[in-house]
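# predicted structure and sequence below. I'll ask about it afterward.
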Amino acid sequence: DGVIFLDEINSMPLSMQGKLLRVLETKRYYRIGSSKERTLKCRFIAATNVDLKGCIATGTFRSDLYYRINIISLNIPPLRERKEDIIPLTQQFLRSFSEKYGVIKMATPELMKILLSYDWPGNVREMKNIIEYLENIAEGEIIQLSDLPDHIVMRSGKGFEDWSLDEIVEDYEKRVLSSMVKKGATLEEKNQLAENLKISRATLYRKLKKYDLL
């Protein structure tokens, strides 16, 4: 007893579709290399990201298999159509990857705004990959807006024309400081950086602390 999940069933070759249909109809199968017929006792769940009726029309999916598996059909809208799921999914992925890598990371409200406005063409899989990327790339415990890949920001619908002046300045300021100083820099290196930037050491330290670069 159990459940067999067939993801992207639309990509299954026609030859395999016929064999699957036979198993579903007869509830009988053979193990590889065995001549003993066995009884199948499990449930099948199939998933697809395309319209199977369209696949039937183009001859890439069997109509008899479609009608055999289409007993209970659930339509799950893409992530861009259920934005209310983005925040809880982000929190769940952050918790999961924090446990995996042993480092707790948190997202800023500004970063969450971008995630909410992005259209997520790759749906939940893309989101999971992006969160794992951020978990690894972000320095310190706070994931900043500047840690996001450029294509996320560009396709989020929030270009620089939609940013406040403070957001633009802070993003640029962090990028500049991140490129000029690394964590663990010596006191002499930081003092030299303050001199090069023509700001006081106190101002530099305040900004480094703000952007978690100390």
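Nice, I can see it.

# just checking, what packs against the strand or helix carrying residue 38?
Using DSSP states H and E, residue 38 maps to strand 37-39. When contacts are defined as 3 or more CB pairs under 8 Å, 6 or more residues apart in numbering; DSSP states H and E, strand 37-39 sits against strand 28-30. All C-beta atoms are positioned from the backbone trio N, CA, C, and that covers glycine.

# list the contacts of the residue positioned nearest the centre of the chain.
The residue lying closest to the centre of the chain (CA atoms, centre = their mean) is residue 127, at 1.7 Å. Residue 127 is in contact with 79, 86, 89, 90, 93, 115, 120, counting by CB atoms under 8 Å, 6 or more residues apart in numbering.

# out of those residues, which is nearest to residue 173?
Closest approach to residue 173 among the contacts of residue 127 (CB to CB): residue 115, at 22.2 Å.

# elements contacting the helix or strand where that closest one lies?
Here residue 115, judged by DSSP H and E, is contained in helix 109-117. On a contact count with 3+ CB pairs under 8 Å, 6+ apart, helix 109-117 meets helix 86-101, helix 150-155.

# got the CA positions of the last one in CSV?
Right, the one you point to is helix 150-155. C-alpha atoms of helix 150-155 as CSV (Å, rounded to 0.1, in the frame of the first residue of the first chain):
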residue,chain,number,x,y,z
ASP,A,150,19.2,41.3,-10.8
HIS,A,151,16.6,39.5,-12.9
ILE,A,152,14.3,39.2,-9.8
VAL,A,153,14.5,43.0,-9.2
MET,A,154,14.1,43.8,-12.9
ARG,A,155,11.1,41.6,-13.4
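
# what comes up buried for that helix?
Buried residues in helix 150-155, counted by 16 or more other CB atoms under 10 Å: 152, 153, 155.

# OK, contacts around residue 36?
Counted by CB under 8 Å, 6+ apart, residue 36 has contacts residue 30.

# after the least confident helix or strand in the chain by mean pLDDT, next one along is what?
The least trusted helix or strand in the chain, going by mean pLDDT, DSSP states H and E, turns out to be helix 165-180, with a mean of 69. Sequence-wise, the next helix or strand downstream of helix 165-180 (DSSP H and E) is helix 187-197.

# next SSE downstream of that following helix?
In N-to-C order, the element after helix 187-197 by DSSP H and E is helix 201-210.

# buried residues in that following helix?
Result for helix 201-210 [16+ other CB under 10 Å]: buried residues 204, 207, 208.

# kindly report the same for stretch 35-44.
Buried, per 16+ other CB under 10 Å, within stretch 35-44: residue 44.

# same question, stretch 84-93
Of the residues in stretch 84-93, those buried (16+ other CB under 10 Å) are 86, 89, 90, 93.

# can you pull the contacts of residue 79?
85, 86, 120, 123, 124, 127.
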